[in-house]
Each structure stands twice: as structure tokens, then as C-alpha cells.
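[1] Output the structure for:
(one chain, ligands or ions: 1)
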Amino acid sequence: MAYVSVNPNDGKTVKTFPELTDEQLDAKLATASKTYAVWKKTSYAARTAIMAKAGELMRAHVDKFAKHATIEMGKLINEARGEVKFSTDILSYYAKNGERFLEPQKLRPSFGEAHMESSPMGVIFCVEPWNFPYYQLARIAGLHLMAGNVVVVKHAGCVPQCAIEFEKLWIEAGAPEGLYTNLLISHVQSDKVIDDVRVAGVALTGSVAAGRSIASRAGQNLKQTSMELGGSDAFIVLEDADIEKTIPWAVWGRMYNAEQTCCASKRFIVVDSVADKFLAKFKTALEALTPGDPMDEKTTHGPLSTESALIDLLKQVDVAVKHGAKVLIGGKRIDRPGSFMQATILTDVAEDNPAFRDEFFGPVAMFFRVKDEDAAVALANDSDFGLGGSVFTGDVARGQRVASRVETGMMFINNIDWSDAELPFGGIKFSGYGRELGDMGIQAFVNKKLVRTHDMVAPLV
Ligand code: NAP
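    Take a look at the predicted model:
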């Protein structure tokens with residue numbers, strides 16, 4: 001049974017869901033394909049009406065959606081509410097602005113007239129992770145449906161109720177059957193979907209391992225892909241940073257979203273002259289967090305999404321320690337029911353330690369002390385990942401110069417990596433390729449067709 005809701009606060013199974021049979025999957029793909037034939041010709045006004053309605057319906061039921069997320073993946077209830085509201089913002093934003101992004105674009109050829117037209121590509125298969133169980137869905141549905149595509153979505157095995165609630169939203173908003181389809185399918189069936197001729201493109205948000213598997217399968221089929229994968233973002237603190245203001249960002253950067261965010265701050269790179277002060281205050285702030293039921297609004301430190309996520313993370317810390325890392329605080333399971341891990345700071349992580357190149361998907365911060373700005377940039381760039389990153393400084397212009405030197409998809413000055421409905425999101429290196437959201441996101445699965453008018457006499461051969 002691959003689709004199971006288990007509450008990570010107490011380890012109890014809430015509900016299980018069977019996978020689709022191959023026949024059911026085939027029928028869903030057939031419906032999606034038929035719906036695409038109609039939807040691609042549907043006006044922007046009609047697409048907008050459904051998108052806006054879906055946003056309104058979600059906004060009217062924030063608590064219902066949020067509770068499913070907290071129960072299935074342990075996100076603090078207020079953060080879950082925030083995610084639901086942000087998801088509605090994305091739907092509303094693309095309802096209002098989708099058409100504008102896709103208007104014909106004039107080119108400037110030396111002769112005649114030319115422009116690029118945007119047209120949809122077809123059924124897009126989206127494979128999504130559990131850590132933002134609605135935002136991830138909104139950021140593919142809001143954009144690709146407005147562009148005239150239809151989507152079939154494989155959500156993660158641990159958040160089936162979130163997946164089903166989000167699918168219902170579209171039916172309630174008046175969408176035709178097959179516009180947004182949730183697929184409870186296995187990895188083997190996922191490969192079949194990628195191979196299926198009715199599917200035109202594949203989008204994944206997930207781990208590097210999933211990226212390798214899904215992108216290579218899509219590559220065999222010469223299908224367009226976008227890959228949003230892991231990260232190990234640098235949080236650079238320069239000597240002129242306001243440490244009092246920086247600490248809350250450091251805690252939030254590492255710990256928000258149940259400590260499991262692709263673009264969380266994972267490597268804290270601090271210039272020597274402020275390193276002791278930063279580390280002492282960071283440690284105190286992490287130790288002040290209160291573990292507890294994520295449904296309780298007073299809790300500030302929830303469980304990890306699943307028991308296996310906790311066990312894997314504890315093993316990663318053990319490996320780091322065996323290779324010379326020191327545990328300044330934490331490193332252990334919290335002695336209570338559920339999959340809770342102590343907030344952890346690792347120091348002395350040398351270049352040959354496997355941890356140096358790993359992504360820690362949980363409450364583990366790696367701390368590095370560096371000589372100066374140049375050393376901070378060099379260390380930030382010495383990573384297999386390149387998703388986001390932050391720099392804290394009293395001089396914004398300096399922060400912008402440092403941001404330009406860091407090899408990554410997104411950089412934030414005196415702030416942490418944060419997604420915005422209208423701005424592109426994505427990375428480079430093992431963090432993937434392509435962008436979701438913004439102009440680049442809505443163009444991800446769009447045929448950009450050149451149309452040229454040049455009235456001239458054909459050359460004689
Ligand atoms: P994961 O194992 O890759 O799972 C993500 C999704 O991919 C799930 O729906 C999973 O389904 C599916 N999946 C995995 N392997 C597959 C395969 N071979 N064939 C078909 N589907 C497959 O990721 P995770 O470890 O749970 O999630 C955390 C990772 O995602 C982290 O590395 C994180 O940084 C990354 N992430 C990236 C972003 C971004 O925007 N860049 C955002 C969020 C998370 P099952 O659950 O059924 O296995």
C-alpha cells in the first residue's frame with residue numbers, strides 16, 4: 001500500500017488508499033487527452049473563471065485544507081494555513097495575469113514582420129513532493145492550466161488526502177473532468193505515464209534520485225521536462241551584518257516548514273570576526289524551540305514527515321560524526337511519540353566528510369567559519385547543488401555583489417529563500433533545471449512558435 005496517511009505526531013495510521021489499476025490509469029489518461037482537445041481551444045476568459053473560482057473555494061476552506069497537511073506531514077498548523085493562503089494567491093494571480101504572460105511577442109527582424117506565438121503542448125505529467133502539499137500543486141496547476149495544457153499529477157505517497165482534496169477543488173470550481181487529475185500510482189506506473197504517447201511533458205519536484213530516474217525516462221521519449229530538485233543553500237553572514245536581526249532569519253531559514261524545505265538555509269557560512277557571537281546566539285535560539293503537537297498553535301518545533309525520514313536523517317548525522325563532524329547541539333531523536341528530531345548544529349564538517357556535499361532534509365544546520373567574504377563565496381560555490389542562498393550584510397550594494405558571485409538559481413539579501421507567486425523559482429546543478437512560477441514558469445510547457453511575414457519574390461534556383 002503506497003498511499004497512506006500516517007500522523008507523524010503519533011505514528012498512527014489515519015487512512016489508506018489503493019493504487020489505481022492499469023485499466024483505471026488508462027481511462028484517466030484517455031479522459032485527460034480528450035479534455036485537452038477542448039481545453040486548448042477554450043478562451044482565456046473561460047480558463048480564468050475556473051482558476052479564479054478554484055482560488056476562491058480554497059480560500060473559503062483554509063482550515064480544512066490546512067488540517068489535512070498538518071495531520072499528513074506534520075507542518076505547524078499556522079504554517080499550513082499560510083501555505084493554503086499562498087496557494088490561493090498563486091491561483092488568483094495566474095487567473096488574472098496568465099493571458100498577459102502568453103501574449104504574442106514581437107521580434108525585430110531586419111526584414112518583414114515576425115512574432116512568437118504561445119500555444120499549449122498537451123497533457124503534462126507532474127510528480128510532486130509532500131513538503132508543500134498544496135503550494136507545489138498550485139504552482140503547476142495555476143500556470144499550466146492557464147497556458148491551455150491539462151495536468152495529471154502523481155503526489156507523494158504520504159499525502160493522499162491533500163492530493164484528493166486539491167483534485168476535488170477543480171470539479172467544484174466547474175472544471176471539466178480530466179482538466180486536473182490526481183493519480184494514485186506506483187513508480188512503475190509513473191514510468192508508463194512518461195512513456196505514454198498522450199503525455200507531452202513531465203515536471204518533477206523532488207529528490208535528485210527521482211530526478212535522475214524521471215528525467216532519463218522522459219529523455220528516452222524526447223519529452224520536455226522541468227526538474228526542481230534538492231538544495232543545500234548557503235546562509236552567508238558577513239562581518240557588517242546586524243547579528244540581532246540575522247538570528248531570527250537563521251532560525252526561520254533552517255526550521256520553517258517542519259524543517260523540510262528544498263531551499264532552506266542548510267550551510268551557515270559566517271565570517272570569523274562575528275562567528276562566535278552568531279553561533280552562541282543561534283544555538284540559544286534553536287534550544288528555545290518547543291517540540292509538540294503541530295496542531296497546537298503554541299508548538300514551534302514539529303515532527304518530521306515520516307518515521308523513515310527521521311531514521312534516514314539520524315543515520316546521515318551518524319555518518320557525518322564518524323567522519324569527524326562535531327555535534328554542538330542535538331543530533332538525537334526526541335524522547336516522545338512521533339518522528340521528532342532535536343534541532344542540531346554540526347561543526348567541523350571537513351571537505352572530505354560526505355556531509356559536506358549532502359542535503360540534510362530536517363533540523364540539521366551545518367556551521368562553517370570562514371576568513372572573509374571571498375572565502376564565504378568560495379565555500380558557498382563548493383556544492384553540488386545550486387538552488388538558492390542568502391547573504392546578510394549592513395551594505396545592500398555589497399550584498400548584491402556577493403549575490404552575483406554565488407552560483408545558484410536564486411539569491412536573497414538580508415532575507416531567506418522565499419517563493420513569490422509572480423517570481424521564477426528554480427536552480428542549477430543538481431538542484432535541477434527550468435523554472436516554476438513567473439514568466440519562465442508559465443512558458444515551461446508552451447510551444448513558442450515563430451510566425452514570420454516577409455512578402456518577397458522567391459529566389460530563382
Ligand atoms: P522524492 O522521494 O523524490 O519524492 C518526490 C515525489 O517523487 C513523490 O511524489 C515520489 O513518490 C516521487 N518519486 C520518487 N521517485 C520516483 C520514481 N522513481 N518514479 C516516480 N515517482 C517518483 O523526494 P522526497 O525525498 O520525498 O522529497 C524531498 C526532496 O524534494 C528533497 O531533496 C527536496 O529538496 C526536494 N524538493 C525540491 C523542491 C524544489 O522546488 N526544488 C521543492 C520541494 C522539495 P512516492 O512518494 O510515491 O515515492
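
[2] going forward, measure contacts and count neighbours with C-alpha atoms only.
    Fine.

[3] what pairs with the nearest residue to Ile164 once chain neighbours are set aside across the strands?
    Nearest residue to Ile164 in three dimensions, chain neighbours excluded: Asn182, at 6.8 Å (Cα to Cα, 6 or more residues apart in numbering). Beta-bridge partners recorded for Asn182 (DSSP bridges): Val153.

[4] residue boundaries of the helices in this protein?
    Along the chain, the segments classed as helices by DSSP state H run 22-39, 44-60, 62-73, 77-101, 135-144, 160-172, 187-195, 208-220, 243-255, 272-287, 307-322, 373-381, 396-405, 438-442.

[5] Check whether the shortest one comes near the ligand.
    No. Using Cα under 6 Å from any ligand atom, helix 438-442 never reaches the ligand; the gap is at least 11.9 Å.

[6] go on, stretch 215-224?
    No. No part of stretch 215-224 sits near the ligand under the criterion Cα under 6 Å from any ligand atom; the closest distance found is 9.4 Å.

[7] Which parts of this structure belong to which domain?
    3-229+431-451, 233-413 (automatic domain parsing).

[8] Turn those domains into TSV, including mean neighbour count and mean pLDDT.
    Shown next, in TSV, are those (neighbours: other Cα atoms under 10 Å; pLDDT from 0 to 100):
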stretch	mean neighbour count	mean pLDDT
domain 3-229+431-451	20	98
domain 233-413	20	98
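
[9] how close does Ala314 sit to Gly434?
    To be clear, residue 314 is Leu; Ala isn't right here. According to Cα to Cα, to the nearest Å, Leu314 stands 32 Å off from Gly434.

[10] And Asp395, by the same measure?
    Asp395 is 31 Å from Gly434, by Cα to Cα.

[11] circling back to that earlier point, redo the helices of the chain as TSV? Include distance to Ser226.
    As requested, the helices of the chain are exported to TSV (distance: least, Cα to Cα, whole Å):
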stretch	distance to Ser226
helix 22-39	20
helix 44-60	22
helix 62-73	25
helix 77-101	19
helix 135-144	11
helix 160-172	21
helix 187-195	13
helix 208-220	8
helix 243-255	25
helix 272-287	35
helix 307-322	25
helix 373-381	23
helix 396-405	24
helix 438-442	9
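
[12] Around the ligand, pick out the residues from the stretch 351-461 of the chain.
    Going by Cα under 6 Å from any ligand atom, the residues of the stretch 351-461 of the chain near the ligand are Gly426.

[13] now the chain
    127-129, 154-157, 187, 190, 205-207, 210, 213-214, 228-231, 261-262, 426.

[14] hang on, Ser407 packs against Gly386?
    No Ser there; residue 407 is Glu. Yes. Between Glu407 and Gly386 there is a contact at 6.3 Å, judged by Cα atoms under 8 Å.

[15] Go through the residues of the chain next to the ligand and flag which are in strands.
    Val127, Lys154, Thr205, Glu228 (DSSP state E).

[16] mind putting the residues you listed in JSON lines, distance to Pro303 included?
    Compiled in JSON lines, these are given as follows (distance: Cα to Cα, whole Å):
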{"residue": "Val127", "distance to Pro303": "24"}
{"residue": "Lys154", "distance to Pro303": "24"}
{"residue": "Thr205", "distance to Pro303": "22"}
{"residue": "Glu228", "distance to Pro303": "24"}
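
[17] Now the two most distant members of those residues.
    Lys154 and Glu228 (14.9 Å; Cα to Cα).

[18] All set now, cheers.
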